[in-house]
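Asks: Fold the stuff below for me.
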Amino acid sequence: MATNDVNPASIGDELRTVRNRTFDEIAVGDTASIERTLSTEDLQLFAVLSGDVNPQHLDAQFAASTRFHGVIAHGMLGGALISAMIGTRLPGPGTVYLGQTLKFLRPVRVGDTLTIRVTVSSRDEATKRVHLDCACINHDGVTVITGDAEVIAPTERIERPRGTLPEVRLTTSGGGGLERLLDHVRPLGPIRAAVVHPCDALSLAAVFDAKSAGLIDPVIVAPRARIESVARAAGLDLAGIEIDDVPHSHAAAARAVDLARRGEVHALVKGSLHTDELMAPVISSSSGLRTERRISHCFLMQTSSYPRPFIITDAAINIAPTLDQKADIVRNAIDLAHAIGVAEPRVAILAAVETVNPHMPATLDAAALCKMADRGQIKGALLDGPLAFDNAVSVAAARVKGIVSEVAGRADVLVVPDLESGNLLAKQLEFLGNAATAGIVLGARVPIVLTSRADARDTRIGSCAIARLFAHYAATPR
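Replies: Model (predicted):
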């Protein structure tokens with residue numbers, strides 16, 4: 001009995017060539033199968049194409065309250081996968097579809113790996129008609145869909161290079177990410193925060209924006225005379241805002257850290273001083289703000305070309321982190337992911353390639369970090385690496401490379417090899433990819449908002465919102 005089962009060794013050929021099996025080559029019992037792991041993007045794309053926007057398939061909050069207790073795939077998505085098998089594998093190109101029955105036996109969920117299988121049950125020499133038993137079987141061996149297909153099999157051999165399909169990127173319309181974040185954080189109330197040396201109009205205006213948004217109760221730590229001069233020039237009213245008068249920016253950084261150490265403020269917000277000037281007293285062994293964790297920075301980003309917010313780390317603090325330091329960078333990012341509601345974040349350890357290369361230290365570190373996660377040294381997330389950037393964010397790219405991974409194509413956290421690569425990536429996404437951005441420093445006793453003077457207003461407000469959210473998460477017993 002001939003078979004046409006797909007195995008990993010044939011994936012490359014299957015990607016390059018599409019071929020059929022003629023009626024004369026088909027015998028009763030012949031079978032063909034392929035595996036497919038369903039992603040959220042698969043359901044979203046099917047909804048776009050079909051118009052079936054039933055919230056059972058798209059809205060996790062709604063779906064959690066239904067009898068299925070979560071999002072399930074459209075039933076006809078399984079039918080489409082069966083159709084793909086018949087049209088490309090058995091019999092393949094040249095097949096004429098006459099009819100199809102389907103029975104949906106069990107729900108199919110995001111993350112399920114389906115084996116889609118068709119088996120020849122009968123053939124008619126006179127009409128060239130073939131009947132096929134069809135089934136979708138999940139990774140637990142449970143049959144979730146069955147059916148019967150009737151087709152006219154091709155009589156001529158067809159073998160052609162497989163056409164190149166465009167990679168589809170789903171985008172969301174209308175934005176609103178900042179508004180949703182503020183709606184989520186506002187009920188927590190403002191956090192008392194030391195705003196360090198906001199001695200230009202942009203930094204000082206950001207204080208008012210964050211205060212008006214209900215995110216911070218600010219204590220401005222700066223030379224009073226200079227702050228009052230900036231406020232007058234910008235038309236800002238300082239009434240009701242506490243000012244801790246210090247002589248200069250160095251003193252402002254030291255004073256703000258001391259306030260945090262004594263518990264008088266619960267977050268630090270960078271003003272117009274340089275990052276190094278603020279961070280020097282933070283990381284000082286005598287400041288009291290250091291913990292057992294390495295201090296690191298996280299960018300929380302959202303772009304219309306990716307279906308979920310994601311974290312990039314570390315792109316602002318650690319220049320060339322060691323393996324131990326990367327482990328803490330990962331742990332800090334996992335904590336932030338938990339704080340924003342991602343229960344089990346997918347963490348992609350980035351490198352230039354997706355294979356371990358002894359001449360590329362980033363790939364060795366990635367492999368070691370994944371093994372640390374396997375051994376319980378890093379908890380609360382799924383890790384995979386090394387992964388090239390495209391494989392981390394594109395399911396299609398990962399499939400082309402034959403990467404089978406819970407993380408590839410669906411990463412929530414991108415861990416970069418070093419500060420330069422991370423900073424370049426984050427700034428490219430922000431300025432060329434129109435990504436919405438927020439950023440905070442973690443690993444100290446309080447979250448630190450570390451925005452750039454070039455950052456937009458939304459970035460500054462969003463960063464304060466993330467700091468407020470993280471402070472609440474850190475203070476919540478678990």
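Asks: Could you use CA atoms for every contact and neighbour count after this?
Replies: OK.
Asks: Relative to its centre, which residue of the protein is most distant?
Replies: Distance from the C-alpha centroid of the chain peaks at residue 126, with 54.4 Å (Cα atoms, centre = their mean).
Asks: pLDDT value on that one, please?
Replies: On the pLDDT scale, residue 126 is placed at 96.
Asks: element containing it, please.
Replies: Using DSSP states H and E, residue 126 sits in no helix or strand.
Asks: For it, grab phi and psi.
Replies: Note on residue 126: backbone dihedrals following degrees, to the nearest 10 are phi -70, psi -40.
Asks: Residue 49 now?
Replies: The phi/psi pair for residue 49 (degrees, to the nearest 10) is phi -70, psi -40.
Asks: Find the centremost residue of this protein, please.
Replies: residue 412 (2.6 Å).
Asks: what separates that residue from residue 427, distance-wise?
Replies: Distance, residue 412 to residue 427, using Cα to Cα, to the nearest Å: 18 Å.
Asks: just residue 224 next, same as before
Replies: Applying Cα to Cα to residue 224 and residue 427 gives a distance of 34 Å.
Asks: higher neighbour count, these two?
Replies: residue 224 (18 against 15; other Cα atoms under 10 Å).
Asks: wait, isn't that one in contact with residue 241?
Replies: No. Between residue 224 and residue 241 there is no contact under Cα atoms under 8 Å: 11.6 Å.
Asks: which residues of the stretch 251-400 of the chain fall in strands?
Replies: 267-270, 296-302, 310-313, 346-350, 382-387 (DSSP state E, counting those that start in this stretch).
Asks: nope, the stretch 51-200 of the chain is what I meant
Replies: 96-104, 113-124, 129-137, 143-152, 159-161, 191-196.
Asks: Return the most buried member of those.
Replies: Of all these, strand 191-196 carries the top mean neighbour count, a mean of 27, counting by mean count of other Cα atoms under 10 Å.
Asks: Show me the strands paired with that strand, marking each as parallel or antiparallel.
Replies: According to DSSP bridges, strand 191-196 forms sheet pairs with strand 216-222 (parallel), strand 267-270 (parallel).
Asks: buried set for the last one?
Replies: Residues of strand 267-270 classed as buried under the neighbour-count rule (16 or more other Cα atoms under 10 Å) are 267, 268, 269, 270.
Asks: Specify which member of those residues is nearest to residue 420.
Replies: residue 270 (21.1 Å; Cα to Cα).
Asks: check contacts around the closest one.
Replies: By Cα atoms under 8 Å, 6 or more residues apart in numbering, the contact set of residue 270 is 195, 196, 197, 198, 278, 448, 449, 450, 451.
Asks: In PyMOL, how would I select just the buried ones from these?
Replies: Of the contacts of residue 270, the buried ones go into a single PyMOL selection, burial set by 16+ other Cα under 10 Å:
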select buried, resi 195+196+197+198+278+448+449+450+451
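Asks: Reformat the contacts of residue 270 as TSV; add distance to residue 78 and pLDDT.
Replies: As requested, the contacts of residue 270 are exported to TSV (distance: Cα to Cα, whole Å; pLDDT from 0 to 100):
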residue	distance to residue 78	pLDDT
195	55	95
196	56	95
197	59	95
198	57	93
278	55	92
448	47	95
449	46	93
450	47	88
451	46	82
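Asks: From the contacts of residue 270, which land in helices?
Replies: residue 278 (DSSP state H).
Asks: on that earlier part again, and of the strands of the stretch 251-400 of the chain, who's closest to residue 478?
Replies: strand 382-387 (20.0 Å).
Asks: just checking, what packs against the closest one?
Replies: The contact analysis (3 or more Cα pairs under 8 Å, 6 or more residues apart in numbering; DSSP states H and E) places strand 382-387 against strand 346-350, helix 361-374.
Asks: which of these is buried the deepest?
Replies: Mean neighbour counts for the helices and strands packed on strand 382-387 (mean count of other Cα under 10 Å) peak at strand 346-350, with a mean of 29.
Asks: Which segments of the chain make up each domain?
Replies: In the domain annotation for the chain, the residue ranges read 8-156, 174-290, 292-443 (automatic domain parsing).
Asks: so which of the ones you listed comes closest to residue 465?
Replies: Nearest of the domains of the chain (Cα to Cα): domain 174-290, 6.1 Å.
Asks: if we can go back for a sec, can you lay out the strands of the stretch 51-200 of the chain as CSV showing distance to residue 338?
Replies: Conversion of the strands of the stretch 51-200 of the chain to CSV gives the following (distance: least, Cα to Cα, whole Å):
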stretch, distance to residue 338
strand 96-104, 35
strand 113-124, 26
strand 129-137, 33
strand 143-152, 33
strand 159-161, 45
strand 191-196, 19
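Asks: who wins for proximity to residue 350 among those strands?
Replies: Of all those, strand 113-124 comes closest under Cα to Cα, at 24.9 Å.
Asks: So what touches the closest one?
Replies: Contacts for strand 113-124 (Cα under 8 Å, 6+ apart): 26-38, 81-82, 85-86, 90, 129-139.
Asks: In contact with residue 287: list those residues for me.
Replies: 257, 258, 261, 281.
Asks: could the residues you listed be laid out in CSV, adding distance to residue 47, neighbour count and pLDDT?
Replies: Putting the contacts of residue 287 into CSV (distance: Cα to Cα, whole Å; neighbours: other Cα atoms under 10 Å; pLDDT from 0 to 100) gives the following:
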residue, distance to residue 47, neighbour count, pLDDT
257, 51, 27, 95
258, 54, 18, 94
261, 51, 18, 93
281, 52, 22, 93
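Asks: Look up phi and psi at residue 27.
Replies: phi -120, psi 150.
Asks: and the closest residue in space to residue 387 that isn't next to it in sequence, how many neighbours does it have?
Replies: What sits nearest to residue 387 in space, not counting adjacent residues and going by Cα to Cα, 6 or more residues apart in numbering, is residue 354, at 4.3 Å. By the criterion of other Cα under 10 Å, residue 354 has 22 neighbours.
Asks: per-residue pLDDT, residue 354?
Replies: pLDDT at residue 354 comes out at 93.
Asks: can you tell me which residues contact residue 224?
Replies: 243, 244, 245, 246.
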